[in-house]
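Novice: okay, sequence plus prediction incoming.
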Amino acid sequence: MTKGKTEIIVSTAILVAFILIEFICVSFTARKYVAYINLPANEYQTVDVSIQGEGSCTVKELKREERLLILLLEHAQKGKFELVVKGHRMDDSTLTDSVTVGVTVSEHGLIFFGPDMDFRGHQIIEGLAALFFLYMGVLMYVAYRRYRKESAFSYSGLIRLGLSGYYLVQGFLLAGLCLGGVVFANRATAYQTLEIAGLIIALAIFPLLPLVILFSVNMTISNVALVRHEGFRFANVLGFIISALLMFGNVIIILSIIRTPLYLSANPGDVAMIVARTVSSSVFLYFVCILFATQLRLFSVAKREPELEQDFIIILGCSIRKDGTLYPLLQGRADRAFEFYQKQVAKTGKKAVFIPSGGQGEDEVISEGEAIKNYLVNRGIPEEQIIPETASRTTFENMKYSKRIIDERKKDAKVLFSTTNYHVFRSGMIAASAGLNADGIGSGTKWYFWPNAQVREFVGLLVARWKIHLIMCLLMIASAVPAACGPIILNMIVS
């Protein structure tokens, strides 16, 4: 059984266990309800509580403190009724204040209180859900570490890193909601409790909100410089687009939480809003976490320093000048390879063989592989240590055709490829898909070019693995709908 399938089975089993525990706990706890009722005035001679309607329950006064009256409702019978609280003023017993709240009781005695159909068990659901998400976050991070150890260029590991962030953020948000409900439960009604808790979460909607803002500002600044230096093209404004989407998504989600703070309700009228908000925020958070996971992996693999024992160094080609010389981008790749070669020779004495890789474009006088070879020779590398690959037109063909050259000369060779820093991760993935076990190094780029290039890589990886992300989004939607409808489903099952 593969590691991925094992993770799915374990996660599904734990999720089912958590759902069963939630259902059992709520089924028992929702048979009682502690009602917090605000009275119009501070002091009353007496306070009477009566029931009007089809159902019934026993009412026990737990505490009265100035305007706050705390009641325990239990032993309820099916039906809808109104809980009427009348307070007789101390200064004039003929004057009374009245507060009326609707109560709905299911067939099995579950109590739903007030217009928002609140029930005892919110904190249980939110708390257990928080534990599940936090557990999944840790599980995904452990899986990421395992994948990273096996291969620095594993996209499966990258997704698990993103999922780890997604689950941990969701877990902390739910834990905050649960804690907010507990801490502020004695302020007033359940709706006010959730409003306060929702506001707290809205103010700290993501622990990574400052990071989102910083990332967006950095992307905007670098994109302005990029457009000024290299002109306006769609590829050069991807950073603008991503930054705008990030900020727009954050604003929309925060506003939706402030305006509609209710997270769980047994009222069918609330379900559409809750489902829409849950699905949109979950999908948005998922892509934010995948974006940051991608940026982290691209940055970290570009900064890695492979072992100084390589047999071959592949230099991935790109466009050359009309006179056959190298543009700065390609020259940077060749210089990075040359630098590693010298460092390896100085430390171990081992001389790697260069494989400059790249075919000849329609507007190029020679192949990219030959152009890189000429550059290396001019830098003092003997021609016998350079084997140009001149047929490839894509990165996959760079790796595939270079592998043929390597396999003809040495089995189980240690291979290194040199490319631009933002391209190292995807090149490592492509090398693996071509059957080549290779490590990678990256050359630097101008400060304003790298952030936008990193975003292009993120988009490219999304498109290349779109099926995986589609499945993840569908799973989030599938889990969001029953989660939002949970109280209604519970009420239907026990009615």
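Specialist: Yep, that arrived.
Novice: gap between residue 107 and residue 28?
Specialist: Using CB to CB, to the nearest Å, residue 107 is found at 15 Å from residue 28. Where C-beta positions appear, they are placed from N, C-alpha and C, glycine not excepted.
Novice: which neighbours in the sheet does the helix or strand encompassing residue 88 have, and how are they oriented?
Specialist: In this assignment (DSSP states H and E), residue 88 forms part of strand 79-89. Note on strand 79-89: by DSSP bridges, its sheet partners are strand 44-53 (antiparallel), strand 96-105 (antiparallel).
Novice: most packed of these?
Specialist: Compared across the strands paired with strand 79-89, strand 96-105 shows the largest average neighbour count, a mean of 17 (mean count of other CB atoms under 10 Å).
Novice: please enumerate the strands of this structure.
Specialist: Per DSSP state E, the chain carries strands over the ranges 33-38, 44-53, 56-65, 68-77, 79-89, 96-105, 111-113, 312-316, 353-357, 415-420, 438-443.
Novice: okay, now residue 399: neighbour count?
Specialist: For residue 399, the neighbour count with other CB atoms under 10 Å is 26.
Novice: kindly report the same for the one 4 residues further on.
Specialist: Residue 403 is flanked by 22 other residues according to other CB under 10 Å.
Novice: may I see the strands paired with strand 79-89 organised as JSON lines, with distance to residue 228 and mean pLDDT added?
Specialist: Output for the strands paired with strand 79-89, formatted as JSON lines (distance: least, CB to CB, whole Å; pLDDT from 0 to 100):
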{"stretch": "strand 44-53", "distance to residue 228": "71", "mean pLDDT": "86"}
{"stretch": "strand 96-105", "distance to residue 228": "63", "mean pLDDT": "88"}
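Novice: what residues sit buried inside the strand holding residue 88?
Specialist: 79, 81, 83, 85-87, 89 (16 or more other CB atoms under 10 Å).
Novice: over to stretch 388-404?
Specialist: For stretch 388-404, using 16+ other CB under 10 Å, the buried residues are 388-392, 395, 397-403.
Novice: out of the helices and strands in this structure, which is least certain?
Specialist: Among the helices and strands of the chain, helix 190-203 carries the lowest confidence by mean pLDDT, DSSP states H and E, at a mean of 48.
Novice: packing partners for the longest helix seen in the chain?
Specialist: In the chain, with assignment by DSSP state H, the single longest helix is helix 268-303. On a contact count with 3 or more CB pairs under 8 Å, 6 or more residues apart in numbering; DSSP states H and E, helix 268-303 meets helix 155-183, helix 209-230, helix 238-259, helix 424-433, strand 438-443, helix 450-464, helix 466-484.
Novice: please name whichever of those is nearest to residue 9.
Specialist: Nearest of the helices and strands packed on helix 268-303 to residue 9, taken as CB to CB: helix 466-484 at 14.4 Å.
Novice: so how far is the closest one off the chain centroid?
Specialist: Computed by CA atoms, centre = their mean, to the nearest Å, the separation of helix 466-484 from the middle of its chain amounts to 13 Å.
Novice: now it: average pLDDT?
Specialist: Helix 466-484 carries an average pLDDT of 80.
Novice: residues in contact with it?
Specialist: With contacts defined as CB atoms under 8 Å, 6 or more residues apart in numbering, helix 466-484 is touched by 129, 159, 163, 264, 271, 274-275, 278-279, 282-283, 286-287, 290, 462, 489.
Novice: for the residues you listed, which two are the farthest from each other?
Specialist: The span of those, defined through CB to CB, is set by 462 and 489 at 33.8 Å.
Novice: what residues does stretch 331-341 touch?
Specialist: Residues contacting stretch 331-341 (CB under 8 Å, 6+ apart): 306, 308, 310, 313, 315-316, 318, 326, 351-352, 354, 356, 372, 375-376, 379, 381, 416, 418-420, 441-445.
Novice: if any of those are buried, put those into a PyMOL selection.
Specialist: Restricted to buried positions by 16+ other CB under 10 Å, the PyMOL selection for the contacts of stretch 331-341 reads:
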select buried, resi 306+308+310+313+315+316+318+326+352+354+356+372+375+376+381+416+418+419+420+441+442+443+445
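Novice: next, count neighbours for residue 367.
Specialist: Residue 367 has 23 nearby residues by other CB under 10 Å.
Novice: show me the contacts for it.
Specialist: 317, 358-360, 388, 390.
Novice: residue 117 and residue 408, how far apart?
Specialist: For residue 117 relative to residue 408 (CB to CB), the value is 73 Å.
Novice: now do the same contact list for the closest residue in space to residue 26 that isn't next to it in sequence.
Specialist: Residue nearest to residue 26 in three dimensions, not counting chain neighbours: residue 121, with 3.7 Å by CB to CB, 6 or more residues apart in numbering. Each residue near residue 121 by CB under 8 Å, 6+ apart is listed here: 25-26, 29-30.
Novice: can you tell me which of these has the most neighbours?
Specialist: When neighbours are taken as other CB under 10 Å, the top entry among those is residue 30 (25 neighbours).
Novice: surely it meets residue 117?
Specialist: No - counting by CB atoms under 8 Å, residue 30 does not reach residue 117; the two are 11.1 Å apart.
Novice: listing request: residues of the stretch 101-250 of the chain with sub-threshold pLDDT.
Specialist: When residues are selected by pLDDT under 70, those of the stretch 101-250 of the chain lie in 116, 177, 179-210.
Novice: now with 50, please.
Specialist: Along the stretch 101-250 of the chain, the model assigns pLDDT under 50 to residues 186-195, 199, 202-206.
Novice: sorry, back to before: higher neighbour count, residue 117 and residue 408?
Specialist: More neighbours surround residue 117 than the other of residue 117 and residue 408, with 22 against 9 (other CB under 10 Å).
Novice: for the more buried one, give its distance to residue 83.
Specialist: Distance, residue 117 to residue 83, by CB to CB: 14 Å.
Novice: now swap in residue 153 and tell me
Specialist: If you go by CB to CB, the gap between residue 153 and residue 83 works out to 63 Å.
Novice: check contacts around residue 453.
Specialist: Residue 453 is in contact with 420, 422-423, 445, counting by CB under 8 Å, 6+ apart.
Novice: hmm, 10 Å instead?
Specialist: 222, 226, 235-236, 238-239, 298, 420-423, 445-446 (CB atoms under 10 Å, 6 or more residues apart in numbering).
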